[in-house]
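Undergrad: From the sequence below, what's the structure:
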Amino acid sequence: MSIKQFMSVAAMAIVTGLAGTSALAQITVPTVLIGNPGNEADVVDGDQNASGVQRLGSVAYAYNIGTYEVTNAQYTAFLNAKAATDTFILYNFQMSGAFGGITRSGSPGSYTFATVSGRANNPVNFVSFWDACRFANWLHNGQGVSGDTETGAYTLTAGGISANTITRNAGWQWAVTNENEWYKAAYHQPASEGGDSDNYWLYPTQSNAVPTTAQVNYLGVIGNTRPVGSYAANYYGTFDMGGNVSEWNESRTSNTRNYRGGSFSGNENFLQAVSRNQSAPSTEASFVGFRVVIKLATLTANLQLLDTIGSFAATRQITYTAIQNSATIVSGVITVNASSSLANIILPASLTGAATLLLDGSSFLRRAVAINLTGSSQNLGQVNLTNGDADPSGEVDAADIDLVIADFGSTAVGNSDVDVSGEVDAADIDIVIASFGSVDE
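TA: Have a look, this model is predicted:
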């Protein structure tokens, strides 16, 4: 998709825990990893609210985004935890109507909420941007009755809401998507991975062709929302980023917030990357819902050279690339100092599990290394390798090998080379560390 003509439409105020519930249980919000940090932006021509060319979809960091739109079941759990009195008017009576999926019983101080039969897994709608922020704050603060709605990702004050000046706090954990996070998850696919020549599609269906109604819930064909995940996922594994309900994002003008993606009642124009839509943040409508993002926790890999070939210069640089699900999650260059032979690599905590860390240090990274992966959720300890052989017994078993070293870039044969056959691989990767899941060396 080349330079696009940006279309702006100003609108008037119009779990998974994928099951119905009215209990005060913790919900699960499934997410998918959006990798390829630092991707180039898509180039879009300006709209009425921003002059000149707009660049959208570039995100410097890896992050996880909701696999699905927030559902009625998830929002019902939120209401039961925080809306017994409903001080912040989190419930809209239209949620119990034909287009909604949540009912309310009782009186102020003892309200209870339940999902409508058959609509628990439909996306929640009739929610304002501020409702979405309060849901994100609640997730940020651990859910439950004690999960605060007014602080966390957003510090919500009457003045900030009235002036529409609320922004995401630096210490956020869960949040409503910002426009770049949403845009990337919907339209980005590297050309090298089968995407369009400029890495962005026009539609969130991995295509520049107008979707059919077998691919997206739109055009009013069904005339209502459908359960999330009813259609195929896109490149990153998200569902329903086109159709079903449009989704709030953080981007704003002086008195509006943006939403994207089109809805069950809209036409193909609303599905396009060139379609940015605005409404007052207090808008609650049948065609608007939201999706959340979660910041990746980080782990630190402490890399230590235990042995080297030849002299060790004062400074050495190691290029690293962490890969998960075929996507580059993080990459960079670290410096190893001769006096300590230590360096730290900061990795997303989600790399525990099926992940690979590639290290390329040219000829000096020939022998064993020790890696200590530490963080709030994982600690692999330290693996010490002798004679450059990750598996002295000679057994090759991916299920129980914690550290796999492949001296691909070296022609040396012997104790400095795990591959004693001496073959040379043109990939020029000196060390591959993988299988972050166990510590049984």
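Undergrad: okay, and the helix or strand of the chain with the least pLDDT?
TA: strand 379-382 (a mean of 31; mean pLDDT, DSSP states H and E).
Undergrad: residues near the residue nearest to V288 when sequence neighbours are not counted, how many?
TA: Counting by CB to CB, 6 or more residues apart in numbering, V288 lies nearest to S246, which is 5.1 Å off, once chain neighbours are set aside. Just so you know, the C-beta spots here come from the backbone N, C-alpha and C atoms, and that holds for glycine as well. Neighbour count for S246, taken as other CB atoms under 10 Å: 30.
Undergrad: ok, now H188?
TA: As a measure of burial, H188 has 29 neighbours, counting by other CB under 10 Å.
Undergrad: Can you spell out which residues form a bridge with it?
TA: Counting by DSSP bridges, H188 is bridged to Y200.
Undergrad: looking at it, it is touching Y235, isn't it?
TA: Yes - using CB atoms under 8 Å, H188 is in contact with Y235, at 7.3 Å.
Undergrad: what sits in contact with each of the two?
TA: Common neighbours of H188 and Y235 (criterion: CB atoms under 8 Å, 6 or more residues apart in numbering): G195.
Undergrad: Am I right that N64 is in a strand?
TA: Yes - counting by DSSP: H, G, I helix; E, B strand; the rest coil, N64 is found in a strand.
Undergrad: Could you report the separation of the closest residue in space to it that isn't next to it in sequence from G66?
TA: Leaving aside its sequence neighbours, N64 sits nearest to T31 (CB to CB, 6+ apart; 3.8 Å). T31 sits 6 Å away from G66, going by CB to CB, to the nearest Å.
Undergrad: Which one's more surrounded, the two?
TA: Neighbour totals were compared for T31 and G66, and G66 leads with 25 against 21 (other CB under 10 Å).
Undergrad: Tell me if I'm right that the more buried one and T28 touch.
TA: No - judged on CB under 8 Å, G66 makes no contact with T28 at a distance of 11.0 Å.
Undergrad: was I right about A209 contacting Y203?
TA: Yes - counting by CB under 8 Å, Y203 is a contact partner of A209 at 7.3 Å.
Undergrad: Tell me which of those two has more neighbours.
TA: The neighbour comparison of A209 against Y203 (other CB under 10 Å) goes to Y203, with 23 against 11.
Undergrad: And the pLDDT for the more buried one?
TA: Note on Y203: pLDDT of 98.
Undergrad: Then A25?
TA: A25 is given a pLDDT of 71.
Undergrad: before we move on, what about the one 10 residues further on?
TA: Note for G35: predicted pLDDT of 83.
Undergrad: what are the ranges of the helices in the stretch 1-150 of the chain?
TA: Assigned by DSSP state H, counting those that start in this stretch, the stretch 1-150 of the chain shows helices spanning 72-82, 129-140.
Undergrad: Adding mean neighbour count, write those helices out as a markdown table.
TA: What follows is these, written out as a markdown table (neighbours: other CB atoms under 10 Å):
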| stretch | mean neighbour count |
| --- | --- |
| helix 72-82 | 25 |
| helix 129-140 | 26 |
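Undergrad: Those helices: which one's closest to F264?
TA: Counting by CB to CB, F264 lies closest to helix 72-82 out of the helices of the stretch 1-150 of the chain; the figure is 14.7 Å.
Undergrad: Need the CA coordinates for the closest one. PDB is fine.
TA: Taking Å, rounded to 0.1, in the frame of the first residue of the first chain, the C-alpha atoms of helix 72-82 are listed here in PDB:
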ATOM      1  CA  ASN A  72     -19.300  -8.800  27.400                       C
ATOM      2  CA  ALA A  73     -18.100 -11.500  29.700                       C
ATOM      3  CA  GLN A  74     -14.900  -9.600  30.600                       C
ATOM      4  CA  TYR A  75     -16.700  -6.300  31.000                       C
ATOM      5  CA  THR A  76     -19.400  -8.000  33.200                       C
ATOM      6  CA  ALA A  77     -16.700  -9.200  35.600                       C
ATOM      7  CA  PHE A  78     -15.400  -5.600  35.700                       C
ATOM      8  CA  LEU A  79     -18.900  -4.300  36.500                       C
ATOM      9  CA  ASN A  80     -19.500  -6.800  39.200                       C
ATOM     10  CA  ALA A  81     -16.300  -5.800  40.900                       C
ATOM     11  CA  LYS A  82     -16.600  -2.100  40.600                       C
END
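Undergrad: For that helix, name the packing helices and strands.
TA: strand 102-105, strand 112-115, helix 129-140 (3 or more CB pairs under 8 Å, 6 or more residues apart in numbering; DSSP states H and E).
Undergrad: Now do it against helix 129-140, angle only.
TA: 80 degrees (axes from the mean of the first three to the mean of the last three CA atoms, to 10 degrees).
Undergrad: where does E284 fall, helix, sheet strand or coil?
TA: Quick answer, by three-state DSSP: E284 is coil.
Undergrad: Quick check, it in contact with S128.
TA: Yes - between E284 and S128 there is a contact at 5.1 Å, judged by CB under 8 Å.
Undergrad: follow-up on the earlier one: give the contact list for the residue nearest to V288.
TA: Contacts of S246 by CB under 8 Å, 6+ apart are Y259, R260, G261, G262, S263, G266, F270, N277, F287, V288, G289.
Undergrad: Return the subset of the residues you listed lying in strands.
TA: Among the contacts of S246, the residues falling in strands (DSSP state E) are Y259, R260, N277, V288, G289.
Undergrad: Can you convert the residues you listed into JSON lines and add a column each for neighbour count, distance to V145 and pLDDT?
TA: As requested, the ones in strands among the contacts of S246 are arranged in JSON lines below (neighbours: other CB atoms under 10 Å; distance: CB to CB, whole Å; pLDDT from 0 to 100):
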{"residue": "Y259", "neighbour count": "29", "distance to V145": "30", "pLDDT": "97"}
{"residue": "R260", "neighbour count": "26", "distance to V145": "33", "pLDDT": "97"}
{"residue": "N277", "neighbour count": "22", "distance to V145": "35", "pLDDT": "94"}
{"residue": "V288", "neighbour count": "26", "distance to V145": "27", "pLDDT": "98"}
{"residue": "G289", "neighbour count": "30", "distance to V145": "24", "pLDDT": "98"}
